[in-house]
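Colleague: Sequence first, then the predicted structure:
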Amino acid sequence: MTEPSQRPVPTDAADVPLPDSHALIAKLERSVGLTDEDRGTLMGVMSQRRRVSSQVDLIREGDRPESVFLVTRGFACRYKILVDGQRHILGLLVPGDTCDLHVAILNRMDHSIAALTACEIVEIPRSTIVDLTSNHPRIAQALCWATLVEQGILREWLTNLGQRGADQRMAHLFCELLLRLQVVGLAGETGCFLPLTQVHLADILGFSIVHANRTLQHLRFLGLVDLKHRHLKVPNLARLRNFCSFNPEYLHLSRRV
Amino acid sequence: MMKPPHNVETLVVLQPIGVDTDSDDRQGLLVMANGLLVGVLVRLDTPGHEQLRGWFLEAGFGRLAGLRAPTFDTPEAAARWLRQRLKR
């Protein structure tokens, strides 16, 4: 953990693109119409940002959770470590993502959260969450939506791990990340900055590192994706989506009418 | 399956074989323990393997099924490591 700081994120994140500073707002507006007052409230919540170096744990399994983390820059992950040292990555937090709105109800964390790259985060105290959910009904609904979306993502990851073959499994992850990053203004139509290594991909997808590399090479050979120098290129998104039967419904990006 | 008595050393024999991994990693070794196939090792020759080189346990059977093994500099090192695992 590092000290609160207004300084820019350190150089190892220099090539991490700056999001629209309203990543959270951009995301939440997918679920509900926020007023200017709501946006002002959220901007106030996000005013105290601090930087975290890559590979640093924000909170560890067994710790007592006191606040909610919001990622405003960089990539973080939820993970568990098995007794043999093997890590499994359970989820990715991209800018605009928060962890467990009501985590302070729990006595101990059942998993850890770490910065995968250098990150900028906001630590939202429990009292602020209580205020947001009690006194700002639209924000409360939007945060509730975000929690449901995260559960939807987890269900999709479970399906991915249990049922899809290696190529489709990896392709599906790339489809999801591209779309999630597009929502917060961090991806174009055909690509995005994506700082995932073969080790990260292996730990997300349940592969060996050897298979992560082979699968990446195969997707590249098929002309579906290219992940080089921390940049993901998708030459033909429709083809990639078709290849892995990607259906974005689980991200619930259209408002209920 | 009949297990050999504890005081008999597991005899591990490596036997060359080509393996289709849908990649450039195709030089392989069958790992035979007391005459039974227990694993397949493959030499990592695909460009772009991050931090990895040498021999990789492509597949394991029986007690080696689903095992996450490290990679090994030589087939002999792999055989030693696998023999230890088979003893347990």
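Modeller: Cool, got the structure. Numbers count the residues shown, from 1 in each chain, chains lettered A, B, ... in the order given.

Colleague: My assumption is that A:E156 lies in a strand; please confirm.
Modeller: No. Assigned with DSSP: H, G, I helix; E, B strand; the rest coil, A:E156 falls outside any strand and is helix.

Colleague: Now do the same contact list for the nearest residue to it once chain neighbours are set aside.
Modeller: Once flanking residues are discounted, A:E156 sits nearest to A:Y250: 4.9 Å by CB to CB, 6 or more residues apart in numbering or on different chains. All C-beta atoms are positioned from the backbone trio N, CA, C, and that covers glycine. A:Y250 makes contacts with A:V149, A:G152, A:I153, A:R155, A:E156, as judged by CB atoms under 8 Å, 6 or more residues apart in numbering or on different chains.

Colleague: The residue in the stretch 1-150 of chain A positioned nearest to chain B - nearest residue in space that isn't next to it in sequence?
Modeller: Among all residues of the stretch 1-150 of chain A, A:Q86 sits closest to chain B, at 6.1 Å; criterion: CB to the nearest CB. In space, and not counting its chain neighbours, A:Q86 is closest to B:R68: 6.1 Å by CB to CB, 6+ apart.

Colleague: tell me which parts of chain B are close to chain A?
Modeller: B:21-23, B:25, B:44, B:46, B:48-52, B:56, B:68, B:71 (CB under 8 Å from any CB of the partner chain).

Colleague: show me where the stretch 51-200 of chain A has helices.
Modeller: Taking DSSP state H, counting those that start in this stretch as the test, the helices found in the stretch 51-200 of chain A are A:126-135, A:137-163, A:166-183, A:198-205.

Colleague: Let me have these in a markdown table, extended by mean neighbour count.
Modeller: Shown next, in a markdown table, are these (neighbours: other CB atoms under 10 Å in any protein chain shown):
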| stretch | mean neighbour count |
| --- | --- |
| helix A:126-135 | 14 |
| helix A:137-163 | 16 |
| helix A:166-183 | 21 |
| helix A:198-205 | 21 |
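
Colleague: Can you name every helix or strand that the helix or strand harbouring A:L219 contacts?
Modeller: Here A:L219, judged by DSSP states H and E, is contained in helix A:209-221. Applying 3 or more CB pairs under 8 Å, 6 or more residues apart in numbering or on different chains; DSSP states H and E, one finds that helix A:209-221 contacts helix A:166-183, helix A:198-205, strand A:226-228.

Colleague: Please determine whether the second one lies in contact with chain B.
Modeller: Yes. With CB under 8 Å from any CB as the measure, helix A:198-205 is seen reaching chain B through A:Q198, A:V199.

Colleague: so where's chain B uncertain?
Modeller: Under the criterion pLDDT under 70, the flagged ranges of chain B are B:1-8, B:51, B:88.

Colleague: The same query, at a cut-off of 90, please.
Modeller: Low-confidence segments of chain B (pLDDT under 90): B:1-11, B:22-24, B:46-53, B:66-70, B:85-88.

Colleague: hmm, back to that, mean pLDDT added to the helices and strands packed on helix A:209-221, as CSV?
Modeller: Shown next, in CSV, are the helices and strands packed on helix A:209-221 (pLDDT from 0 to 100):
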stretch, mean pLDDT
helix A:166-183, 97
helix A:198-205, 96
strand A:226-228, 95
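
Colleague: Chain B: helices as residue ranges?
Modeller: In chain B, the helices defined using DSSP state H lie at B:75-87.

Colleague: need the strands for it, in chain order.
Modeller: Using DSSP state E, the strands of chain B run over B:12-18, B:27-33, B:36-43, B:55-60.

Colleague: Now do the last one against strand B:12-18: the angle between them, please.
Modeller: Going back to what we said before, that points to strand B:55-60. 90 degrees (axes from the mean of the first three to the mean of the last three CA atoms, to 10 degrees).

Colleague: if we can go back for a sec, nearest to B:E76, of the helices and strands packed on helix A:209-221?
Modeller: helix A:198-205 (26.3 Å; CB to CB).

Colleague: Centre of the chain to that closest one, how far?
Modeller: Helix A:198-205 sits 15 Å away from the centroid of its parent chain (CA atoms, centre = their mean, to the nearest Å).

Colleague: Over to stretch A:195-214?
Modeller: Remark: stretch A:195-214 is offset 17 Å from the chain centroid, using CA atoms, centre = their mean.

Colleague: Kindly check the end-to-end length of that stretch for me.
Modeller: 18 Å (CA to CA, to the nearest Å).

Colleague: can you list the residues that contact it?
Modeller: Identification of contacts with stretch A:195-214 by CB under 8 Å, 6+ apart yields A:16, A:75, A:77, A:79, A:87-89, A:92, A:116-117, A:157, A:160-161, A:166, A:169-170, A:173, A:215-216, A:227, A:230, B:21-23, B:25, B:44, B:46, B:48-52, B:56, B:68, B:71.
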